[in-house]
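Trainee: generate coordinates for the sequence data below:
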Amino acid sequence: MPHDNDKARILATLDRMLDDLDRHDLPARTTFLAAFYAEAVGEIAGLTDALNQVEQPPTKADLNQKTQVVCSRLLSLPEFEEFTRSGGLMAHQAEEILSSATAMEDRALAYGQHLGLATEKLDDADDREEIQKIIAEVSEETGGLIDQNHGLVEKLRESTETIQQLQSRLSEIQDLAAKDAVTGLYNRRYFERALNEMLPDPRNHEGRLCVIFIDIDNFKGFNDSYGHAVGDMVLKLVARILQGSVRAQDICARYGGDEFVVALPGIVLDDAHHLAERLRARMASTPLRKRGTEENFGQLTISMGMTAYHHPESADVLIDRADGALLRAKDAGKNILVLSE
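Mentor: As a prediction, this is how the structure comes out:
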């Protein structure tokens, strides 16, 4: 069963979605709810700003223009179908809750009126049976109101659980979409998005954000000599050592092929240099042996290129500089780290 803070968070999300619809004068369609849900949970950005822009006078946007804006944001999501499905189901849950709450409000209003009439009748009643009849009617009406209230509470509980399940499913899909299937590290798409989100943070300015590009030396030889199964084993080993060598706040990703990348926020180049050298030494001291047979596959070494962020440059410039340093490391004989300031 969801905790109270989960309920509050889910209801706040629903509230925000409905407010967004009302503010932009949009109908409660699945597409719009899906988009505002995706924005509420941080999967898409800029939807509200884009709608505000097309709604600026003197050109007031019609529904078709707004729909185009919403759909263009939704279609950028790899989890588009899941968000659309979730938006529709959340719309249904929200509609049921609002419908039950409205019915409850009407019932409470009628109950208040009934109570007022009963009070007047009791003032005028001078017969015991008549008084008992009035009290029985009030008691029956009170029981009905309590039952309806219980029904609303149960509906809210069921809806909260349904929405929580949808959010859990979406989290799983988002996690799969962000991870590399072989190593379990983040993939290139996730890394680039995460890096772009780090750049505006003032704590990462003045050279306090470093990026390391890593390439496995002679990886093609492992694949050619021992097959792709051993190649995958090497990739997994590098990923495991990499994750065990960096800080919790650092982002590690497989950038493609045998190339890895790490973003280290809030650290200066000298400190990042020491971390990278420890990583390189750890890789070189790790034996490459097949489990079970202890067959030796040779020595594992890596080449690295590293640089620091210079505000206000773009993520692309930062990545290109680190990648260029990596190329120089490979040209210089491998198993070394090259810095590019």
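
Trainee: what residue ranges in the chain are flagged as low confidence?
Mentor: Filtered on pLDDT under 70, the chain yields the residue ranges 1-15, 28-31, 33-34, 38, 41-45, 54-62, 64, 67-128, 130-176, 291-294.

Trainee: domains of this structure?
Mentor: With domains defined by automatic domain parsing, the chain comprises 4-175, 188-340.

Trainee: gap between the two ends of stretch 191-210?
Mentor: This stretch, stretch 191-210, spans 13 Å end to end (C-alpha to C-alpha, to the nearest Å).

Trainee: how about that stretch: buried residues?
Mentor: Across stretch 191-210, burial judged by 16 or more other C-beta atoms under 10 Å covers 191-192, 194-195, 198-199, 204, 207-210. Any C-beta I mention is one placed from the backbone N, CA and C, and that applies to glycine too.

Trainee: swap in stretch 263-271?
Mentor: When burial is assessed from 16+ other C-beta under 10 Å, stretch 263-271 yields the following buried residues: 263-265, 267, 269.

Trainee: need those in JSON lines with distance to His24, can you?
Mentor: Below are these laid out as JSON lines (distance: C-beta to C-beta, whole Å):
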{"residue": "Ala263", "distance to His24": "35"}
{"residue": "Leu264", "distance to His24": "40"}
{"residue": "Pro265", "distance to His24": "35"}
{"residue": "Ile267", "distance to His24": "42"}
{"residue": "Leu269", "distance to His24": "46"}
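
Trainee: and Ala263, its phi and psi?
Mentor: phi -110, psi 130 (degrees, to the nearest 10).

Trainee: my guess is it contacts Asp250. True?
Mentor: Yes: the pair Ala263 / Asp250 is scored as a contact, 6.5 Å apart, by C-beta atoms under 8 Å.

Trainee: sorry, back to before: now, the buried residues of stretch 263-271 that are in strands?
Mentor: 263-265 (DSSP state E).

Trainee: okay, those residues in a markdown table with distance to Tyr37 next?
Mentor: Shown next, in a markdown table, are those (distance: C-beta to C-beta, whole Å):
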| residue | distance to Tyr37 |
| --- | --- |
| Ala263 | 28 |
| Leu264 | 33 |
| Pro265 | 29 |
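
Trainee: just name the closest of these to Ile336, please.
Mentor: Closest to Ile336 out of those is Leu264 (18.9 Å), distances taken as C-beta to C-beta.

Trainee: so how far is Asp201 from that closest one?
Mentor: Leu264 is 13 Å from Asp201, where distance means C-beta to C-beta, to the nearest Å.

Trainee: how about the contacts made by Ile302?
Mentor: By C-beta atoms under 8 Å, 6 or more residues apart in numbering, the residues touching Ile302 are 214-217, 238, 279-280, 283, 335.

Trainee: take these and keep only those in strands.
Mentor: Using DSSP E, the contacts of Ile302 in strands are 214-216.

Trainee: return the set of buried residues in the one helix or strand Gly324 maps to.
Mentor: For Gly324, the host element (DSSP states H and E) is helix 315-331. For helix 315-331, burial by neighbour count (16+ other C-beta under 10 Å) applies to 315, 318-319, 321-323, 325-326, 329-330.

Trainee: could you export that helix as PDB, CA atoms only?
Mentor: Output of helix 315-331 as PDB, limited to C-alpha atoms (Å, rounded to 0.1, in the frame of the first residue of the first chain):
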ATOM      1  CA  ALA A 315      28.900  19.900 -24.100                       C
ATOM      2  CA  ASP A 316      29.900  19.100 -27.700                       C
ATOM      3  CA  VAL A 317      33.100  21.200 -27.400                       C
ATOM      4  CA  LEU A 318      34.000  19.600 -24.100                       C
ATOM      5  CA  ILE A 319      33.400  16.100 -25.500                       C
ATOM      6  CA  ASP A 320      35.400  16.800 -28.600                       C
ATOM      7  CA  ARG A 321      38.400  18.100 -26.600                       C
ATOM      8  CA  ALA A 322      38.400  15.000 -24.300                       C
ATOM      9  CA  ASP A 323      38.100  12.700 -27.300                       C
ATOM     10  CA  GLY A 324      41.000  14.500 -29.100                       C
ATOM     11  CA  ALA A 325      43.100  13.900 -26.000                       C
ATOM     12  CA  LEU A 326      42.200  10.200 -26.100                       C
ATOM     13  CA  LEU A 327      43.400  10.000 -29.800                       C
ATOM     14  CA  ARG A 328      46.700  11.500 -28.800                       C
ATOM     15  CA  ALA A 329      47.100   9.000 -26.000                       C
ATOM     16  CA  LYS A 330      46.500   6.100 -28.400                       C
ATOM     17  CA  ASP A 331      49.000   7.600 -30.900                       C
END
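
Trainee: packing partners for it?
Mentor: Helix 315-331 sits against helix 188-198, strand 209-216, strand 259-265, strand 302-308, strand 337-340, with contacts defined as 3 or more C-beta pairs under 8 Å, 6 or more residues apart in numbering; DSSP states H and E.

Trainee: cutoff 7 Å now
Mentor: Applying 3 or more C-beta pairs under 7 Å, 6 or more residues apart in numbering; DSSP states H and E, we find helix 315-331 packed against helix 188-198, strand 209-216, strand 302-308, strand 337-340.

Trainee: I'd like those as JSON lines, with distance to Gly256 appended.
Mentor: Converted to JSON lines, the helices and strands packed on helix 315-331 look like this (distance: least, C-beta to C-beta, whole Å):
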{"stretch": "helix 188-198", "distance to Gly256": "6"}
{"stretch": "strand 209-216", "distance to Gly256": "11"}
{"stretch": "strand 302-308", "distance to Gly256": "15"}
{"stretch": "strand 337-340", "distance to Gly256": "20"}
